[in-house]
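Trainee: Sequence first, then the predicted structure:
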Amino acid sequence: MADSRDSSPRTSAPDLEILGDQVTLHPSGYVEPPARRQDGDKERNLVEHMARFRSSPLEFLREVSLHVSGTGWRAYDHFIGQPIFYSGFSENMTAAVLSTPILQKRITELAEKRIAVEEKEGLLNKNDLAYAAKRYQRKTVIEQSLNELCEKLTGDMICKMESKPFIRSAYYLCTQLLTRAYHQGIHVSSEEVLRLRTVAEKAEKNKQSIIFLPCHRSHVDYVSMQLICYRLGLALPTVVAGDNLNIPVLGSFLQHAGAMWIRRSFGDDILYTTLVQSYIDTLLQGGFNFECFIEGGRSRTGKLLSPKFGILSFILDSVLSGRVEDTIICPVSTQYDKVIETEGYVGELLGVPKKKENLADFLSASSVLSLKLGRVDVRFHEPWSLRQFIQDQQARTIGIPKSIDMKSINDPATRQKLLRTLGYKVLSYINAVSVVMPTALIGTVLLTLRGRGVGKAELIRRVEWLSDRVRSKGGRVAHFGNAATSVVIERGLDVLGKDLVGLVEGLPEPTYYAVDRFQLSFYRNMTIHLFISEALVSASMYLRVKRGGGPDNQRISYDELRDQVLFLSQLFRGEFIYPTEGLAVNLDNTLKGLEADKVIELTRDDDGKVTAVGLAEEERIAGRENYDFYCFLIWPFIEATWLAAVSLMGFSPPLAYRGDGWLDSAKCQSSSQLLGKTLYHQGDLSYFEAVNKETLKNAWARFEEEGIVLVAKSRNAKILPRAKLAPEWTPQRNLQTGAIVPEGRLWDFIEKIAQSRREGKNRRDGATVSTRVLRHTETIAQNLFMDTMAETNMSEEDKLLLKKKLTRRQALKARAHL
């Protein structure tokens with residue numbers, strides 16, 4: 001975790017602003033706001049601005065005709081990449097997919113399996129004189145049926161970008177819609193674009209694909225990527241999309257604009273799995289650009305989600321198997337001043353069921369498109385060879401020559417480790433090139449203050465401080481030419497709107513406050529990855545700092561701090577992306593950085609070894625504002641995990657319960673959310689963001705990984721997953737009253753989380769808090785036990801699956817645990 005403290009400006013290439021047909025070159029860099037220079041506000045328009053029908057109908061009609069006819073750059077004739085816009089492209093692609101050896105081999109295997117079943121059922125008699133002929137004829141019929149099925153599935157799945165007039169029209173339509181919503185356009189780095197074009201030229205020559213791996217926060221993500229590639233002369237990528245978007249009219253439009261449809265879940269359908277692998281192989285062998293979202297679905301919380309390995313595993317297998325020589329990986333960050341869908345995200349995170357995609361909702365979004373939502377910033381990390389990455393991992397982890405055949409990596413555990421390393425490397429690179437938007441700075445400041453609101457002068461001061469901290473951590477802050485911070489903040493407040501940030505009128509100074517903290521947390525979470533190490537250290541110190549008193553009373557020993565940091569970092573292993581140097585190095589670098597910033601002071605022994613950590617005197621004089629900032633960043637996540645752990649106490653079976661203890665897993669997680677809403681409104685929970693479904697779901701997944709919760713998933717899709725507490729984690733009940741006893745392994749675990757938690761208004765109530773919280777927990781959980789009393793016990797097959805799962809978990813006991 002290298003922490004650069006140099007605050008001197010760094011040189012960087014100019015930004016390109018793409019707004020309709022206009023491309024504007026900003027002479028200042030994107031890493032930092034530019035110095036005050038005489039030519040700072042000069043802009044160079046490379047192409048004419050897109051006309052509007054109401055203001056200039058003749059010019060509007062002229063531009064439409066230019067797009068349809070394909071005049072100048074709009075012709076899209078000389079893009080870098082493989083040719084796809086010709087009649088018959090889709091038919092050729094379908095034929096190529098169906099003829100792949102791995103698909104034909106799979107069809108033969110499935111036909112053989114079916115023949116074996118029919119022989120076992122007596123439909124084919126081996127004693128029949130014509131057995132061989134009948135068997136061959138039956139196998140041929142089965143293979144033909146499977147080939148016909150694959151042909152239909154392929155036609156439904158593959159993208160069909162074969163019409164250049166259609167693509168030109170789609171570009172114009174999407175640009176019109178996007179620039180109405182994001183009126184400040186799409187910003188990219190000219191340096192990154194030039195580098196990407198150079199890589200694309202080399203890839204075209206070698207017939208290699210560029211695989212774009214963007215983060216995913218909005219449906220606008222894939223639209224903006226296609227517009228950038230079109231406008232800058234790069235071959236449009238084939239975009240992996242879930243078939244939930246394949247709705248009438250819109251689905252066909254997207255498929256012809258670059259979307260490939262895949263099922264949200266493949267299940268045990270090995271034919272479909274092989275078909276997807278065949279299509280990806282065909283694309284990569286042909287050197288066609290490709291795009292999929294590393295997180296799978298859209299992030300509802302504003303920060304990066306853990307990587308999803310489905311499509312990534314197909315890409316890795318293409319190279320490892322030797323079917324594809326190499327491919328180029330390009331991580332992409334897409335940031336927004338304001339995300340269109342955030343209001344809908346809030347509903348989903350609070351437990352409102354997600355609505356099925358439909359055309360009516362899509363068309364109704366036209367009202368949203370009339371809003372002024374600021375701009376989109378897209379950044380491309382330096383592309384790199386997937387083959388070279390695999391060879392580097394071989395040399396590093398296995399200690400074998402780089403020249404060894406990659407087919408030798410056939411151990412499933414080795415492949416899985418390689419896949420995880422690849423996924424988290426991509427996420428790390430996305431974070432590295434991400435731009436922090438003004439709305440994210442404003443949201444972060446408003447949610448990391450102790451007061452109800454903040455004056456304009458103080459808001460400007462804290463935004464400037466936060467901008468400096470972002471840069472010192474190697475991050476990037478979006479620039480706005482030579483505009484003053486106050487002007488940038490005004491723009492950001494306008495974009496966020498009065499529904500998110502309110503203004504108190506009639507005061508000596510304009511005073512702003514967070515109206516919708518839950519929705520505003522989406523923008524705060526866009527900065528947390530930069531300060532996660534500082535946040536973990538500050539929250540770990542809090543177990544002493546919250547005692548109050550003098551410096552000596554609040555000082556924590558190094559060993560105690562390290563143990564709590566280790567505990568919290570393991571607790572949030574699935575929530576955040578950490579620096580890669582390891583705990584010891586990260587902790588040492590973080591402590592040195594906080595000491596240099598005069599947030600903490602370190603006590604050292606005669607050998608220079610840190611023995612204790614406390615708040616610096618300068619930080620005390622400043623009212624702990626910087627230390628509190630780091631705590632406020634992570635406290636909502638600590639509280640959410642504490643809430644999830646507290647809800648587990650209720651899953652101890654009541655004394656009169658005679659069932660097997662298994663409960664509906666989804667209902668268990670929902671009960672955590674219900675408990676959280678109760679505790680928040682009664683004052684035992686400080687952050688309403690703590691009840692969001694995604695964070696609770698991540699906490700539940702960690703508890704499952706650690707064996708605190710056992711989860712049984714049946715092979716029958718109609719049987720929902722069930723869960724129960726592991727016996728060693730199940731709290732005891734008072735034999736006289738039947739009440740849960742607040743002690744034991746789970747209670748100690750909850751208390752360890754609570755040490756770093758900001759308590760609610762009743763934090764001084766002592767034992768009454770635990771009594772009240774447990775009462776609510778038990779009341780909610782008892783309803784779950786009543787609902788499951790009449791349900792069928794677990795089948796023998798499911799018990800066997802669970803036993804195998806527990807056996808595998810025992811093999812992982814050597815790793816670090818909570």
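Mentor: Arrived safely.
Trainee: Now do the same contact list for L735.
Mentor: Shown in contact with L735 (C-beta atoms under 8 Å, 6 or more residues apart in numbering): L655. All C-beta spots, glycine's among them, are computed from the backbone N, C-alpha and C.
Trainee: Next one: it from V741, what distance?
Mentor: Distance check for L735 against V741: by C-beta to C-beta, to the nearest Å, it reads 10 Å.
Trainee: Repeat that for A640.
Mentor: From A640 to V741 the distance is 25 Å (C-beta to C-beta).
Trainee: higher neighbour count, these two?
Mentor: More neighbours surround A640 than the other of A640 and V741, with 27 against 15 (other C-beta atoms under 10 Å).
Trainee: can I assume the more buried one is in contact with T695?
Mentor: Yes: with contact defined as C-beta atoms under 8 Å, A640 counts as touching T695 (4.1 Å).
Trainee: Quickly list what's touching both of these two.
Mentor: With C-beta under 8 Å, 6+ apart as the test, A640 and T695 both reach E689.
Trainee: Surely V378 is in contact with L227?
Mentor: No: between V378 and L227 there is no contact under C-beta under 8 Å: 9.5 Å.
Trainee: okay, and the common contacts of these two?
Mentor: I186.
Trainee: residue with max distance from the center of this structure?
Mentor: Of all residues in the chain, L129 has its C-alpha farthest from the mean position, at 61.5 Å, by C-alpha atoms, centre = their mean.
Trainee: tell me the phi and psi of it?
Mentor: phi -60, psi -30 (degrees, to the nearest 10).
Trainee: Identify the residues contacting stretch 189-204?
Mentor: 12-16, 25, 30, 80-82, 209-210, 232-235, 287, 328, 330, 379-380, 382-383, 433.
Trainee: Can you tell me which helix or strand of the protein has the lowest average pLDDT?
Mentor: Using mean pLDDT, DSSP states H and E, the weakest-scoring helix or strand in the chain turns out to be strand 44-45, at a mean of 28.
Trainee: ok, back up a step: taking the contacts of stretch 189-204 one by one, which sit in strands?
Mentor: 14-16, 25, 210, 328, 330, 379-380 (DSSP state E).
Trainee: check contacts around A535.
Mentor: The neighbourhood of A535, defined by C-beta under 8 Å, 6+ apart, consists of 528, 630-631, 633-634.
Trainee: Show me just the buried residues among these.
Mentor: Burial by neighbour count, judged by 16 or more other C-beta atoms under 10 Å, picks out 528, 630-631, 633-634 from those.
Trainee: possible to save those residues as TSV with secondary structure and pLDDT?
Mentor: Formatted as TSV, the buried ones among the contacts of A535 follow (DSSP: H, G, I helix; E, B strand; the rest coil; pLDDT from 0 to 100):
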residue	secondary structure	pLDDT
I528	helix	94
Y630	helix	97
C631	helix	96
L633	helix	96
I634	helix	96
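Trainee: Tabulate those residues (CSV), appending distance to M786.
Mentor: Shown next, in CSV, are the buried ones among the contacts of A535 (distance: C-beta to C-beta, whole Å):
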residue, distance to M786
I528, 40
Y630, 44
C631, 40
L633, 40
I634, 37
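Trainee: dump the residue contacts of V565.
Mentor: Residues near V565 by C-beta under 8 Å, 6+ apart: 536-537, 540, 583, 587.
Trainee: could you redo the last one with a cut-off of 7 Å?
Mentor: Contact analysis of V565 by C-beta atoms under 7 Å, 6 or more residues apart in numbering lists 536-537, 540, 587.
Trainee: what helix or strand is it on?
Mentor: Element membership for V565 (DSSP states H and E) is helix 558-571.
Trainee: follow-up on the earlier one: let me know the closest of the contacts of V565 to S99.
Mentor: L536 (53.1 Å; C-beta to C-beta).
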